[in-house]
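Colleague: this one's sequence-less:
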């Protein structure tokens, strides 16, 4: 009898030892759940660790190729200079968005916002590939459906300006500040473009238009300590009233 009791006790110890040594379930610590992957993506993106952000986004897409997940992937592909890959991803994202379009009569503001961001990333990818005309076309498509088109419109303004196309840059910048009067950078670009057209008098002063002066002052009002504040003050100093 004692022998059986001893065997039972030893078996109990063995079972307890085996349980304590076996790997325990990780519960919510699985690093491949959507929440964990999204957290890893956000952390890597904030740290500008683009390879890790791309890897996390790719895993999310592999789990579920939704328009939102594909947008996340395209976004960090652009940031990591994988612009050709980003274009391919935006193609997939636009296809996915069409499949996710709300039914007739259902709210579609969030869907339009998502789709506009896909076009925005598409424009950014084109821009990095120096395909400016394609970039502007994508930004226009973004602005056409965006609930708030301010970013897309400013990108059009900046793209025209950076390429030296002042004829198209000025109206694009005017449209931007009309849509979003608080976008300081748009006021700066507009003011700089108009200042570039000013003529210098015999005293070395520039005769700028009222619109130019207003744009430069508007920038200072919105961003008194902004990155362009010193340049704006210098331009105004060269154009005394």
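Modeller: Nice, thanks for sending it over. None of these values were measured; they are calculated from a predicted model. Numbering: from 1, shown residues only.
Colleague: Checking the closest residue to residue 101 other than its chain neighbours next. Helix, strand or coil?
Modeller: In this structure, residue 101 finds its nearest non-sequential neighbour in residue 111, 6.2 Å apart by CB to CB, 6 or more residues apart in numbering. Any C-beta I mention is one placed from the backbone N, CA and C, and that applies to glycine too. Secondary structure assignment for residue 111 (DSSP: H, G, I helix; E, B strand; the rest coil): helix.
Colleague: In this structure residue 111 contacts residue 102, no?
Modeller: Yes: at 5.6 Å, residue 111 and residue 102 qualify as touching, with contact defined as CB atoms under 8 Å.
Colleague: what's stretch 154-166 in contact with?
Modeller: 120, 123-124, 127, 132, 135-136, 139-140, 143, 168-169, 172-173, 175-176, 180, 183, 185-186, 189-190, 192-193, 196-197 (CB atoms under 8 Å, 6 or more residues apart in numbering).
Colleague: Could I get the buried residue list for that stretch?
Modeller: 154-161 (16 or more other CB atoms under 10 Å).
Colleague: Closest one of the residues you listed to residue 49?
Modeller: Of all the buried residues of stretch 154-166, residue 155 has the smallest distance to residue 49: 25.2 Å, by CB to CB.
Colleague: Now do the same for the residue nearest in space to the middle of the chain: helix, strand or coil?
Modeller: Closest to where the C-alpha atoms of the chain average out (CA atoms, centre = their mean) is residue 75, at 6.2 Å. Assigned by three-state DSSP, the conformation of residue 75 is helix.
Colleague: That one touches residue 121, doesn't it?
Modeller: Yes: between residue 75 and residue 121 there is a contact at 5.6 Å, judged by CB under 8 Å.
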